[in-house]
Structure formats: C-alpha cells, structure tokens
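Q: Below are the sequence and a predicted model for it; my questions follow.
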Amino acid sequence: MSAGAFIKELPELLNTDTDAQQQWLSGYIAAVGDILSHPKYIQMKGFDHHKPVSCHFHSVFVSYLTYKISLELGLDAVETARAAALHDFYLYDWYLTKHDELHAWYHPKIAVINAETYFEKLSDTQTDMILSHMWPLHPRPPRTREGMVLTMVDKYCTSADMLKLSRKFLPLYEIINREIDNYESI
C-alpha cells in the first residue's frame, strides 16, 4: 500500500460499521488485549505524549493502524501490533522528566525494558521495531519491513496528533477501551 493510498483509505481503516471491520477489531483485541488491559499500560492515559494527546491514545492509534496495515501486507500482524502498542511504553512524563540523553533516543530503550518487565520477552523483530521507531530523528533505521511499518505509522499518527486530526480515531479508541474493559471477563 503506497503512502497516498494509505492516506486515502484511512477513513476506511478506522470504520467499524461493517462485519469485516468488526472482525479486524476482534482480531486486534485478541492480539493486544492483555497489553491494553494491563494496569501499567493504563497508566499511560495520565502522560501527555503530543499535547493534548495522551501516550495511551497515541500508542493505541499507532498499534491499531500498524495491525491493519500489517495484515494487508501479509506481515505477522499480531507480533507487529504488540510491538507497536509497546513502542512508547516508557511510563514517565517526558515534559517533566529529563535524562542525560534526548527523550527521542532514551525512551525506546526504556520501552523495551518496560515491555520485557511487564510482558513476555520481545522477539528480535519486536525489539528492533521499538528501538528504531524514532528513525530518521534517531540514526538507527528499522531493519525489517515490520519496523518500517511501525516507523511510518508512528510518523503519520504523530503528525495527526500535532495537527489535531487524530480525533478522527477517537470513536474507535472509545470502542477499543470498552472492549478492553470487558476483556478480563471474556
């Protein structure tokens, strides 16, 4: 899928009115429900990412689109969606907390550490996806197609956040949150 086609198809990617879209949503929840329902992950709702967007909203937006695009490209959508969900799992307010390194270089390393602390060991592909998602700002480029998908989707969603266009994802985000609220009982 080209970048132009992706932008044109974004409204369809976010549509949940059809049976096919409901299947995509169910597949997404099955892939990442354990992550999205985890108390540490839910804490990300309290951290600004791209003001006024929370780190949680941004990460779910990136993960959902990465999942759908990965399915379209024949990639391992479960592995890719899980890494995308965890790409900004750094658990601090980067506007207030400063480190010796720039946030753009520091947070991917912390996200990998947190992911492996609270979830299972990441695959090499997932680790690379998370560590390289800040390319080209960070000099480490993605080494896999999955990593490139995450990197490009993250740039798209960041741009949408900054331009206040990610609100188009809000209805689907609310549906995902309702599904996650019921996830434990499924």
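A: Done, it's in. Numbering: from 1, shown residues only.

Q: neighbours around Glu174, how many?
A: Residues within reach of Glu174, counting by other Cβ atoms under 10 Å, total 10. Yep, even glycine has a C-beta here, placed from its N, CA and C like the rest.

Q: what about it, which helix or strand?
A: helix 170-181 (DSSP states H and E).

Q: Alpha carbons of that helix, as CSV, please.
A: Coordinates of the C-alpha atoms in helix 170-181 are reproduced here as CSV (Å, rounded to 0.1, in the frame of the first residue of the first chain):
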residue,chain,number,x,y,z
LEU,A,170,-11.5,8.9,19.0
PRO,A,171,-14.7,6.9,18.3
LEU,A,172,-12.7,3.8,17.5
TYR,A,173,-10.5,4.4,20.6
GLU,A,174,-13.6,4.6,22.8
ILE,A,175,-14.8,1.3,21.3
ILE,A,176,-11.4,-0.3,21.9
ASN,A,177,-11.5,0.9,25.5
ARG,A,178,-15.0,-0.5,26.1
GLU,A,179,-13.8,-3.9,24.6
ILE,A,180,-10.8,-3.7,27.0
ASP,A,181,-13.0,-3.0,30.0
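
Q: Now that helix: buried residues?
A: Leu172, Tyr173, Ile176, Asn177, Glu179, Ile180 (16 or more other Cβ atoms under 10 Å).
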